[in-house]
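> pasting the structure only:
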């Protein structure tokens, strides 16, 4: 059984859906227009649909003709607060942009729902289609889990899958067992001193030099305290102090994003950053308040699920189109919250357009990033095939 031809047959329709979503992006947890578009696209498929209460999510359940297990397929729907600079004739003009490809994820999941619904009579089990708002730092997956996502069919799914697009040779799938994306953490440090006149720093306890020293030391620490094979990426991205040019402020603040690939390194960077900040602040006669917040955990692919996924997709698309990654990427995903509860696989699908060199292509979140929606038929087919591998009749 292969869904490739069926995916190709609905490609034009999926492209139209994707481009409409791309032209009208929404951000955060409240995506009313996007939700309406998804519901319209699913109309007539005989799905059990539940709408979110704390977010505009859509949980659509396809119940097969025979009893069996449940498989979950995810597509995130939110955009980013990025002003688009692609020059596409369907580019967004509202100040937001689908710069991470979630418009393709949504259209691809709609396609998978259509392909599987057409074979309902052959399915032994159920499929949960998870249309998720708020992936871009809004904990949308966490909200959906809290509203009973995994209980949508009355039993815990046996497998969960998601496909994320990105730049690279078009049509190539990539994944790996174990950690595939980093955990996302936030570090906030406030150095407290005592303010004074900018011309007389000796009469004040200036928190600014202490904060600057902490910022440099943090990034050095990340390369000296951690194993290169369990890396930490720490980037100081925010600095703020006083407003008056001639005023030494009472306090100064720093913000950093911290990416980790294990629980051990997450715990260690939290402890070490606090120790470092407090020590440097004390050396300057200041104090430091340190807050370390974990937003998304490490995205861990189940090894057995990855092995099965690679076999399934290579059987459909050929060996050259399914690649095993050598190392994890340091981006983050809240699909990690689903994979913490259900064994499954996150895959990447490369989709740089013709004329764009994959080696120099703009990456996700760039205002100039380009994704070729010609992959949508295969994206839908791949999701459907992964569910079918658990629920459909198997050859032989």
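Happy to help now that I have it. If you're wondering where the values come from, they're calculated on a predicted model, not measured in any experiment.
> so residue 379 makes contact with residue 108?
Yes - applying Cβ atoms under 8 Å, one finds residue 379 in contact with residue 108, separated by 3.7 Å. Where you see a C-beta, it was placed from the backbone N, CA and C, and this is true even at glycine.
> shared neighbours, these two?
residue 163 (Cβ atoms under 8 Å, 6 or more residues apart in numbering).
> in terms of neighbours, single out the busier of these two.
Between residue 379 and residue 108, counted using other Cβ atoms under 10 Å, the more crowded position is residue 108 (32 against 28).
> hmm, the more buried one is touching residue 373, no?
No - Residue 108 is beyond contact range of residue 373, at 9.3 Å (criterion: Cβ under 8 Å).
> what sits in contact with each of those two?
Shared contacts of residue 108 and residue 373 (Cβ under 8 Å, 6+ apart): residue 14.
> checking my notes, residue 134 in a helix, right?
No - assigned with DSSP: H, G, I helix; E, B strand; the rest coil, residue 134 falls outside any helix and is coil.
> nearest residue to it other than its sequence neighbours?
residue 140 (2.8 Å; Cβ to Cβ, 6 or more residues apart in numbering).
> if I pick the one you found, what's in contact with it?
29, 55, 57, 76, 78, 132, 133, 134, 334.
> now do the helices in this structure.
Taking DSSP state H to define them, one finds helices in the chain at 4-9, 11-23, 32-42, 102-117, 140-146, 207-224, 263-283, 303-317, 335-339, 376-391.
> who wins for proximity to residue 68 among those helices?
helix 376-391 (5.7 Å; Cβ to Cβ).
> quick one: list the elements packing against the closest one.
Counting contacts by 3 or more Cβ pairs under 8 Å, 6 or more residues apart in numbering; DSSP states H and E, helix 376-391 packs against helix 4-9, helix 11-23, strand 66-76, helix 102-117, strand 124-132, strand 159-166, helix 303-317, strand 344-350.
> distance from the chain centre to the third one, please.
Going back to what we said before, that points to strand 66-76. Chain-centre distance of strand 66-76: 20 Å, with Cα atoms, centre = their mean, to the nearest Å.
> show me what it is packed against.
In terms of contacts (3+ Cβ pairs under 8 Å, 6+ apart), strand 66-76 is packed against helix 102-117, strand 124-132, strand 159-166, helix 335-339, helix 376-391.
> would you mark the buried spots in stretch 34-43?
Residues of stretch 34-43 classed as buried: 34, 35, 37, 38, 41, 42 (neighbour count, 16 or more other Cβ atoms under 10 Å).
> chain center to it, what's the gap?
For stretch 34-43, the distance to the chain centre is 22 Å (Cα atoms, centre = their mean).
> name the residues that touch that stretch?
Applying Cβ under 8 Å, 6+ apart, the set of residues contacting stretch 34-43 is 17, 20-21, 24, 26, 49, 51, 56-58, 60, 77-78, 106, 110, 113, 129, 131, 133.
> cool, and stretch 119-126?
Contacts for stretch 119-126 (Cβ under 8 Å, 6+ apart): 46, 61-71, 116, 153, 388, 390-393.
> tell me how far the residue sitting nearest the centre point of the chain lies from residue 374.
Most central in the chain under Cα atoms, centre = their mean is residue 333, positioned 3.1 Å from the mean C-alpha point. Separation of residue 333 from residue 374 (Cβ to Cβ, to the nearest Å): 24 Å.
> do residue 93 as well
Going from residue 93 to residue 374 by Cβ to Cβ gives 24 Å.
> the more surrounded of those two?
A count of neighbours by other Cβ under 10 Å puts residue 374 above the other of residue 93 and residue 374, at 14 against 10.
> ok, now which ones touch that one?
11, 15, 170, 351.
> per-domain residue ranges of this structure.
The chain breaks down by automatic domain parsing into domains covering 4-180+298-391, 183-296.
> okay, now the unreliable bits of the stretch 151-300 of the chain?
Along the stretch 151-300 of the chain, the model assigns pLDDT under 70 to no residue.
> thinking again about what came up before, of the contacts of residue 374, closest to residue 201?
Using Cβ to Cβ, the contacts of residue 374 come closest to residue 201 at residue 351, 54.6 Å.
> relative to residue 379, how far out is that closest one?
From residue 351 to residue 379 the distance is 8 Å (Cβ to Cβ).
> again with residue 274
For residue 274, the distance to residue 379 - Cβ to Cβ - is 43 Å.
> ok, now residue 25?
Plainly put, residue 25 is 19 Å away from residue 379 if you go by Cβ to Cβ.
> same check, this time on residue 156
From residue 156 across to residue 379, the span is 26 Å (Cβ to Cβ).
> surely residue 306 and residue 345 touch.
Yes - using Cβ under 8 Å as the test, residue 306 is close enough to residue 345 to be in contact (5.2 Å).
> who's more crowded, the two?
residue 345 (27 against 21).
> could you dump the helices of the chain into CSV with distance to residue 191 added?
Formatted as CSV, those follow (distance: least, Cβ to Cβ, whole Å):
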stretch, distance to residue 191
helix 4-9, 55
helix 11-23, 43
helix 32-42, 42
helix 102-117, 38
helix 140-146, 32
helix 207-224, 4
helix 263-283, 5
helix 303-317, 44
helix 335-339, 32
helix 376-391, 48
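> circling back: now list the buried members of the contacts of stretch 34-43.
Burial of the contacts of stretch 34-43 was assessed by neighbour count (16+ other Cβ under 10 Å); the buried members are 17, 20-21, 24, 26, 56-58, 60, 77-78, 106, 110, 113, 129, 131, 133.
> ok, the closest residue to residue 209 other than its chain neighbours - how many residues close by?
The shortest distance from residue 209 to any non-neighbouring residue, by Cβ to Cβ, 6+ apart, is to residue 284 (6.4 Å). For residue 284, the count of nearby residues is 19 (other Cβ under 10 Å).
> ditto for the one 3 residues further on
When counting by other Cβ under 10 Å, one arrives at 17 neighbours for residue 287.
> what residues are up against the residue nearest to residue 107 when sequence neighbours are not counted?
In space, and not counting its chain neighbours, residue 107 is closest to residue 18: 3.9 Å by Cβ to Cβ, 6+ apart. Counting by Cβ under 8 Å, 6+ apart, residue 18 touches 103, 104, 106, 107, 373, 376.
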